[in-house]
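*Asks:* below are the sequence and a predicted model for it; my questions follow.
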Amino acid sequence: MEIKIYYQDTDCGGLVYYANYLTYFERARTEWFLEKDISVKQLAEQGILFVVAHAELDYKSPARYGETIIIQTQLESAAGTRLELSYRIEEKETKRMLVTGKTTLVCVNSNLKPQRIADDIIGKLKL
């Protein structure tokens, strides 16, 4: 997924504000689900939610105002109630590595109680 960096994404020095990378992970993850033919919105309407239980980021180089970044999302594991995803963010033109990271998501019901991820969902995620 591509994201163009706008002024609103940056700090006073023109660098992407560090917490915005988590927002970029969220956008990329939603798009990744859609590429797997899974609508997060439709799952939520069915009482199936994925909540972030853990997130980690490793900053390599800052993204700057005006650049375009590429975010790659990859499934690391899916079993039981948990999904583990990894992310790589690069600057589009130079391929400069900006950030790597991981999130662990837990599948919960509408009462926020953990529930096993349905086999059909796991099957789509692993494609």
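*Replies:* That came through fine.
*Asks:* now the helices for the chain?
*Replies:* Along the chain, counting by DSSP state H, helices occupy 20-35, 40-45, 119-125.
*Asks:* got those helices as CSV, with mean pLDDT columns?
*Replies:* Shown next, in CSV, are the helices of the chain (pLDDT from 0 to 100):
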stretch, mean pLDDT
helix 20-35, 97
helix 40-45, 96
helix 119-125, 95
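*Asks:* between the ones you listed, which one is closest to Cys107.
*Replies:* Proximity to Cys107 (Cβ to Cβ) singles out helix 119-125 among these, at 8.2 Å. From N, CA and C alone the C-beta is placed, and that goes for glycine too.
*Asks:* and the closest one, what's buried?
*Replies:* 121-122, 125 (16 or more other Cβ atoms under 10 Å).
*Asks:* next: stretch 50-68.
*Replies:* 50, 55, 57, 62-65, 67.
*Asks:* any residues touching it, and which ones?
*Replies:* Residues outside stretch 50-68 that contact it (Cβ atoms under 8 Å, 6 or more residues apart in numbering): 2-7, 9-10, 14-16, 18, 21-22, 25, 40, 43, 69, 82-83, 89, 91-93, 96-108, 112.
*Asks:* again, 6 Å this time
*Replies:* Residues outside stretch 50-68 that contact it (Cβ atoms under 6 Å, 6 or more residues apart in numbering): 2, 4-5, 7, 10, 14-16, 21, 69, 91-92, 96-108.
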